[in-house]
Every structure is written in structure tokens, then in C-alpha cells.
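# Could you look at this predicted model? Sequence included:
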Amino acid sequence: MTYHGFKGIRRWLKGSMLKRMHRMITCKEFEDFVQRYLDGGLTDLQRSLFERHMRVCRECREYLAAYQRTMELGRAVLPSSDEPVPDDVPEDLIRAIIDARKQ
Ligand SMILES: [Zn+2]
């Protein structure tokens with residue numbers, strides 16, 4: 001093995017070690033975790049990965065904030081799914097909230 005090749009392998013090993021130590025989830029995975037994060041349904045590992053991603057990714061922080069606002073709006077309009085929907089709530093809004101919940 002040449003000296004150069006050896007260095008290459010060392011660099012590769014270091015890279016894969018760093019990757020493992022600083023495990024990151026993607027923005028797509030972040031989105032998948034949001035609902036469970038808010039429900040407290042993530043494992044400790046998933047939650048720490050989620051929070052780590054949130055610290056480094058501004059877009060996902062904004063996504064989470066928007067998601068929470070939508071949920072709060074949903075709760076304000078529809079306090080519980082058992083209660084009848086008030087007549088004065090526009091149907092479009094209700095549909096938007098239901099769609100947001102489904103995602
Ligand atoms: Zn992100």
C-alpha cells in the first residue's frame with residue numbers, strides 16, 4: 001500500500017466515524033418526526049436527533065413553528081373531535097385543518 005493510499009483510508013475512516021458520532025437526520029426525516037415529537041412518541045435517540053437537527057437547521061425550526069401554529073389553530077376551532085363543528089366556521093378552513101392533521 002502506498003503512503004497516499006493509507007492516508008486516504010485514514011481520512012475515510014475519520015469521516016465515517018464523525019458521521020456516526022454526529023448522527024444527523026435529513027429534513028425529510030425531521031418532517032416525519034414532527035407529529036410524534038409533539039405527541040411525545042419519539043424514542044430518546046430519535047428525540048435527540050430531532051432536536052440536534054432543529055438546532056442546526058433554520059428551515060426545520062420554522063417548519064416546526066408553523067406546524068405548531070396550525071395545530072393550535074385546529075384546537076381553537078375544533079376543541080375536540082366529538083363536538084359538532086360550529087356553523088360559522090368556513091368549510092375551507094376546516095378542510096385545511098383536517099388535511100394538516102392527516103399529514
Ligand atoms: Zn432541516
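Good, I have the coordinates.
# Now the residue nearest to the spatial centre of the chain. Nearest residue, chain neighbours left out?
Geometric centre of the chain, nearest residue: residue 30, 2.9 Å, by CA atoms, centre = their mean. Spatial nearest neighbour of residue 30, chain neighbours left out: residue 60 (4.7 Å); criterion: CB to CB, 6 or more residues apart in numbering. Where you see a C-beta, it was placed from the backbone N, CA and C, and this is true even at glycine.
# which stretch of helix or strand covers that neighbour?
helix 58-77 (DSSP states H and E).
# Give me every residue in the protein that's in contact range of the ion.
Contact residues (CB under 5 Å from the ion) of the chain with the ion: 27, 57, 60.
# Tell me which residues of stretch 56-69 come out buried.
57, 60, 63-64, 67 (16 or more other CB atoms under 10 Å).
# what's the model's confidence in that stretch, averaged?
In this model, stretch 56-69 carries a mean pLDDT of 94.
# Helices along the protein, start to end?
Secondary structure of the chain (DSSP state H): helices located at 3-21, 27-39, 44-56, 58-77, 91-102.
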